[in-house]
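Participant: my questions concern the predicted model and sequence given below.
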Amino acid sequence: AEDLALLEQEVVLLTAVGSDHFGEQLKEETKAVGVDISHFKTTSAQENKTGVYLAHLDQNGDLIGAVNDMRILKEIDINYLNEKRKIIETSSMLIFDTNLEESSISFLLELARDKKMIKIADAVSVEKALKLKNKLIYLDYLRANLDEIEVLLGLVKMEASGTTQKLNIKDRMQRLEKFYSENKHLPEMIISAGKKGVYYLSRNKEKVRLEHFKAPEINSEEIVETTGAGDALTAGFVAGIMNKKSIQEAIELGIKASTLTIKSELTCNPDLIELV
């Protein structure tokens, strides 16, 4: 949401925070960049403090492991979403991620089902991506990395994803393209593949189209950390779509936003405003 606001998009964020220090900080910082936070749900329940995420990065800024406490996101339930249904139903675009409970995702997609809005899901992680199983037909776009998509589509078992994946990127993409051609209910996909760039998988009538966008060359000294790069890719893509750019231009904007993000110690780089 912050990245989208930096890219001068009008954003209403629906979420839950605790009445604690992190909740107040999150509200202040998110409001300061122009996000509408007036519909935040603030809970005083002792067990539901503001969600936190702690990442352990290596010397290249890449993720080694992470721990989080996201229990408060259970507060974004059907009752809360039903209260906010008018905002959801009148939006031109709905963007959500799989940190939500599966029941909330199902209800959200039901609210948006017959509405003239673009629906985008961000997969977040291999495990959480599975919440989208049997729901892909209701999406316009899926933004995920290759591991997440392979597991979600059943091409790879969860325990065999990631570091144990033995096929090279070319073979993996060919396998995915074949599956996509055989399953016509799937949404368009923006697939991040790290240093290999971004792939875009779509269908024009009966013909499947796979496009590759190279990652820009970046010196290792320029990389501060990679946290937030995927979110910036999503935000840049969304901003491009909202500004009536072509899909290709929107993806290129997402890649630029992602590149700027990994050059900053901040998860949301204020320099994104320079891309507008």
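Facilitator: In hand now; what should we look at? Residues are numbered from 1 along each chain as shown.

Participant: okay, CA-based contacts and neighbour counts for the rest of this
Facilitator: Will do.

Participant: tell me how far residue 119 lies from residue 93.
Facilitator: Computed as Cα to Cα, to the nearest Å, the residue 119 to residue 93 distance reads 6 Å.

Participant: wait, I meant residue 40
Facilitator: 18 Å.

Participant: ok, now residue 247?
Facilitator: 15 Å.

Participant: those two: who's more crowded?
Facilitator: residue 93 (18 against 15; other Cα atoms under 10 Å).

Participant: in this structure that one contacts residue 121, no?
Facilitator: No. Residue 93 is not in contact with residue 121 according to Cα atoms under 8 Å; the separation is 10.9 Å.

Participant: where do the contact lists of the two overlap?
Facilitator: By Cα atoms under 8 Å, 6 or more residues apart in numbering, residue 93 and residue 121 have no common neighbours.

Participant: who are the contact partners of residue 252?
Facilitator: By Cα under 8 Å, 6+ apart, the neighbours of residue 252 are 213, 237.

Participant: can you pull out the helices in the protein?
Facilitator: With helices called from DSSP state H, the chain shows them at 2-6, 21-32, 78-83, 85-89, 102-112, 126-129, 146-152, 169-182, 229-242, 247-262.

Participant: which residues touch the fifth one?
Facilitator: The contact list for helix 102-112, computed with Cα under 8 Å, 6+ apart, reads 76-78, 81, 85, 88-89, 98, 119, 131-132, 135, 138.

Participant: make CSV out of these and add distance to residue 222 and neighbour count.
Facilitator: Output for those, formatted as CSV (distance: Cα to Cα, whole Å; neighbours: other Cα atoms under 10 Å):
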residue, distance to residue 222, neighbour count
76, 38, 18
77, 41, 17
78, 43, 18
81, 41, 20
85, 43, 16
88, 39, 20
89, 42, 18
98, 30, 19
119, 34, 20
131, 35, 20
132, 35, 22
135, 39, 14
138, 39, 19
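
Participant: can you tell me which of the residues you listed is closest to residue 171?
Facilitator: Among these, residue 132 lies closest to residue 171 (Cα to Cα), at 24.4 Å.

Participant: that closest one reaches residue 153, doesn't it?
Facilitator: No. Contact criterion Cα under 8 Å: residue 132 and residue 153 do not qualify, at 9.7 Å.

Participant: now for the residue nearest the centre of the chain: which residues touch it?
Facilitator: The structure's the chain has its C-alpha centroid closest to residue 122; by Cα atoms, centre = their mean the separation is 3.1 Å. Taking Cα under 8 Å, 6+ apart, we find residue 122 in contact with 95, 96, 97, 98, 142, 143, 144, 234.

Participant: cool, residue 149 as well?
Facilitator: With Cα under 8 Å, 6+ apart, residue 149 has these contacts: 126, 129.

Participant: ok, it to residue 156 distance?
Facilitator: On the measure of Cα to Cα, residue 149 and residue 156 end up 9 Å apart.

Participant: now residue 190
Facilitator: 19 Å.

Participant: not counting its neighbours along the chain, what's nearest residue 224?
Facilitator: residue 263 (5.1 Å; Cα to Cα, 6 or more residues apart in numbering).
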